[in-house]
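Peer 1: No letters, just coordinates:
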């Protein structure tokens, strides 16, 4: 550790000498409690974000080419910005050292993280995604892996309060293990927590909790479906040891084919191949399947 010591000697009339030493630490000066790193738009990021620089405050829309994030790091969005992953992201949190992606204050929101045709190999574990206002995760034709992640307090004016997943042309498998989707909402659209358009590929969820999500929270006349999940397309969806509780869909039906009591409080699915193994549903009518 480099440090420099400057001493000032004060000579008093009583011939007493007092001195004051000021230590300047050149390489270890800012403590973890007050450290912060600002991230600005520019070329796609290839970097490593250690805990010592946390929080990382994002001041614009950014792209990630290759980024690793250490346990306990906070990534805070300073406005209505997004993080687009075009390469590989490794966000490796740990039990008790969650990586948090949220906003800089309690009244702001951000546009979420985007994987649109991103390279294979991204992995996110022990991460918390909060405060997104376009959902907090938008994935198109990509398959990052999620383990022990929390998606909470996000919203969307379109489908998927937390996650908007579209597998349109890539026959890939996207997996979530021990993840929690809680208290996410859509304002006037489907899928309080998740919208999954599975034209091809597979969605797999293991030991996940989908709870207290709400679709159409604004109670608009929209024929909405899927308080927890809204799934369509002919892809495969498998749920193992998952729990669906407290999810609500405010259907606000107005057309002849719509029943306000049968619109999928937990899940609405059309055409998808669904498999449920050892899952728990709060009420039997929580699922609506249209073939």
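Peer 2: That came through fine. All values reported here derive from a predicted model rather than from experimental measurement. Numbers count the residues shown, from 1 in each chain.
Peer 1: only C-alpha atoms for contact and neighbour calcs from this point on.
Peer 2: OK.
Peer 1: dump the residue contacts of the spatially most central residue of the chain.
Peer 2: Geometric centre of the chain, nearest residue: residue 129, 3.1 Å, by Cα atoms, centre = their mean. Residues in contact with residue 129, defined by Cα atoms under 8 Å, 6 or more residues apart in numbering, are 100-102, 136, 149-152.
Peer 1: Quick one: neighbours of the nearest residue to residue 197 once chain neighbours are set aside, just the number.
Peer 2: Residue nearest to residue 197 in three dimensions, not counting chain neighbours: residue 166, with 4.7 Å by Cα to Cα, 6 or more residues apart in numbering. Neighbourhood size, residue 166 [other Cα atoms under 10 Å]: 22.
Peer 1: again with residue 207
Peer 2: Counted with other Cα under 10 Å, the neighbours of residue 207 add up to 17.
Peer 1: Quick check, it in contact with residue 175.
Peer 2: No. Assessed by Cα atoms under 8 Å, residue 207 is found out of contact with residue 175, at 11.1 Å.
Peer 1: if we can go back for a sec, what's downstream of the helix or strand hosting the residue nearest to the centre of the chain, the next helix or strand?
Peer 2: Residue 129 belongs to strand 127-130 when assigned by DSSP states H and E. Later in the chain than strand 127-130, the nearest helix or strand by DSSP H and E is strand 137-140.
Peer 1: Specify the next element, helix or strand, located C-terminal of that following strand.
Peer 2: Downstream of strand 137-140, the next assigned helix or strand under DSSP H and E is strand 145-147.
Peer 1: Run through this structure and note the low-pLDDT ranges.
Peer 2: Within the chain, the stretches with pLDDT under 70 are 1-34, 221-222, 253-262, 283-291.
Peer 1: Now do stretch 124-133: distance from first to last residue.
Peer 2: Stretch 124-133 has its terminal residues 20 Å apart, counting by Cα to Cα, to the nearest Å.
Peer 1: ok, now stretch 155-168?
Peer 2: Distance between the boundary residues of stretch 155-168 (Cα to Cα) amounts to 23 Å.
Peer 1: Can you tell me what sits against it?
Peer 2: Applying Cα under 8 Å, 6+ apart, the external contacts of stretch 155-168 come out as 131-142, 151-152, 154, 181, 184-201, 215, 229-230.
Peer 1: mind running it again at 6 Å?
Peer 2: Stretch 155-168 is contacted from outside by 133-141, 154, 184-187, 189-200, using Cα atoms under 6 Å, 6 or more residues apart in numbering.
Peer 1: again, but for stretch 104-115
Peer 2: Contacts of stretch 104-115 (Cα under 6 Å, 6+ apart): 76-78, 80-85, 103, 131-134, 136-139.
Peer 1: And those residues, which of them are buried?
Peer 2: The neighbour-count test (16 or more other Cα atoms under 10 Å) applied to the contacts of stretch 104-115 identifies 76-78, 80-85, 103, 131-134, 136-139 as buried.
Peer 1: ok, back up a step: distance check, the residue nearest to the centre of the chain against residue 280.
Peer 2: Distance from residue 129 to residue 280, by Cα to Cα: 24 Å.
Peer 1: what's the answer for residue 232, then?
Peer 2: Per Cα to Cα, residue 232 is found 21 Å from residue 280.
Peer 1: what about these two, which has more around it?
Peer 2: residue 232 (22 against 15).
Peer 1: For the closest residue to that one other than its chain neighbours, grab the count of nearby residues.
Peer 2: Computed as Cα to Cα, 6+ apart, the closest residue to residue 232 that is not its neighbour in sequence is residue 270, at 4.7 Å. The tally of other residues near residue 270 (other Cα under 10 Å) stands at 16.
Peer 1: Run the chain-centre distance for the strand holding residue 129.
Peer 2: Remark: strand 127-130 is offset 5 Å from the chain centroid, using Cα atoms, centre = their mean, to the nearest Å.
Peer 1: List the neighbouring strands of it plus their orientation.
Peer 2: If you go by DSSP bridges, strand 127-130 pairs up with strand 99-103 (parallel), strand 150-152 (parallel).
Peer 1: how about these in JSON lines, adding distance to residue 59?
Peer 2: Below are these laid out as JSON lines (distance: least, Cα to Cα, whole Å):
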{"stretch": "strand 99-103", "distance to residue 59": "11"}
{"stretch": "strand 150-152", "distance to residue 59": "22"}
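Peer 1: tally of neighbours for residue 43?
Peer 2: Using other Cα under 10 Å, the number of residues around residue 43 comes to 10.
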